[in-house]
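Peer 1: My questions concern the predicted model and sequence given below.
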Amino acid sequence: MIGRAAQIRRWRKYLADERAEAAVYRELADRKTGEERAILLGLADAEGRHEAHWLALLGDDARPARSDLRTRVLVFLARRFGSLFVLALAQRAEARSPYDDDADATDTMAADERIHGEVVRALAARGRTRVAGSFRAAVFGANDGLVSNLALVLGIGATGVPAVTVLFTGIAGLLAGALSMGAGEYVSVRSQRELLEASRPDPESQRALAHLDVDANELALVYRARGMSEADATAQAARVLATNRLEDDDPDAVGADQREAVGSAWSAAISSFCFFASGALIPVLPYLFGATGLTAVVIAATSVGLALLGTGAVVGVLSGASPLKRALRQLAIGFGAASATYALGLLFGAALG
């Protein structure tokens, strides 16, 4: 009886999880249109098939049960936040399906979950492409601000100078770093977009199509230069000549997807400036509110440590990796740099003393 009771509890949990996961996909589908909406609804229907399996096994014991905390959090996030964050979490959830090792789940269900994970991964990849430029600038900006200004503040503070000197040094570091990051990001993204623009087909080439000799022309060489095989290039050239239109959006051209991944130069610059400034402000706050000495150092280090853990976890979630590992990596890198600078400050302070 104990074994049967445990089995029923497990089946009920699976049932609740399947219903909750279907709800996640339906909530996300409500925010989408077109193909993405259809894909998400297809995933929800697939979870419905799994739900039917557990309902059949439970029979009269099919009473409501609570899904696990992870799945309930996904439903909550799907109703209130953007789809990329939820899809990244769902990707990890699908990869941890328990059906591989459960004799009561069919091989088909276990295979379904694996495929669901790949579908969610592809959907999340679309979102990552759309935000890649600004997200990169935001993450790099925030982390640079946190680490560089903490290192600056601790290094200067360790020399034994007055707290007001540390405060103004931190503010100067904030402004200088934010302006430098914003300008550097603008130049970087702008230059990258210009390089991509230079690789796009020349619109003026369209005018030449009507005058090409159908039996002897070099149009196929264009597509071979883009990476097509000789046979594919010849077929593509024939299609272009038949329609008398150069296809700027063909899948082998350097085009919209890459430019979208790079992002806007102004958006990247503004994101970088704002996030660097917000990160760099955190280690300055204790001094801004009057803290001095070791108290200010502890508060600044603790605040920055928590912020580094948070940004690392977000990067881990959105990249489909372990949030804990990414958070600890960010913390180790940040504290490593700050510790080195603090130690140098102590040495300089002792030498000057």
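Peer 2: Sure, I can see it. Residues are numbered from 1 along each chain as shown.

Peer 1: So, low pLDDT: which residues of the chain?
Peer 2: 1-2, 64-85, 88-89, 91-95, 126-137, 196-218, 244-263, 317-321, 349-353 (pLDDT under 70).

Peer 1: Please, where are all the strands along it?
Peer 2: In the chain, no strands are defined using DSSP state E.

Peer 1: domains of it?
Peer 2: Split into domains by automatic domain parsing, the chain comes to 2-128, 132-191+265-352, 201-253.

Peer 1: deepest of those, which one?
Peer 2: domain 132-191+265-352 (a mean of 19; mean count of other Cβ atoms under 10 Å). Any C-beta I mention is one placed from the backbone N, CA and C, and that applies to glycine too.

Peer 1: which residues touch the residue nearest to L328 when sequence neighbours are not counted?
Peer 2: Leaving aside its sequence neighbours, L328 sits nearest to G312 (Cβ to Cβ, 6 or more residues apart in numbering; 7.1 Å). Each residue near G312 by Cβ atoms under 8 Å, 6 or more residues apart in numbering is listed here: 323, 326-331.

Peer 1: go again using 7 Å as the cut-off
Peer 2: Contacts for G312 (Cβ atoms under 7 Å, 6 or more residues apart in numbering) come out as 326-327, 329-331.

Peer 1: Check G157 too.
Peer 2: By Cβ under 7 Å, 6+ apart, the contact set of G157 is 166, 297, 345.

Peer 1: and with 6 Å instead?
Peer 2: V166 (Cβ atoms under 6 Å, 6 or more residues apart in numbering).

Peer 1: Same check on A105?
Peer 2: By Cβ under 6 Å, 6+ apart, A105 lies in contact with Y99.

Peer 1: That one and R12, how far apart?
Peer 2: Going from A105 to R12 by Cβ to Cβ, to the nearest Å gives 14 Å.

Peer 1: Next: F275.
Peer 2: Taking Cβ to Cβ, one finds F275 at 45 Å from R12.

Peer 1: quick one: contacts for S272?
Peer 2: 137, 141, 181-182, 185.

Peer 1: again with L58
Peer 2: Going by Cβ under 6 Å, 6+ apart, L58 touches W11.

Peer 1: which residues of the stretch 201-350 of the chain fall in helices?
Peer 2: 205-208, 219-225, 230-243, 256-262, 265-281, 285-288, 293-318, 323-352 (DSSP state H, counting those that start in this stretch).

Peer 1: So which of the ones you listed is nearest L123?
Peer 2: Evaluated with Cβ to Cβ, the helices of the stretch 201-350 of the chain place helix 293-318 nearest to L123, the distance being 13.2 Å.

Peer 1: Between helix 323-352 and that closest one, find me the angle.
Peer 2: In terms of direction (axes from the mean of the first three to the mean of the last three Cα atoms, to 10 degrees), helix 293-318 departs from helix 323-352 by 150 degrees.

Peer 1: Just want the angle from helix 293-318 to helix 265-281.
Peer 2: Going by the same axes, to 10 degrees, helix 293-318 makes 140 degrees with helix 265-281.
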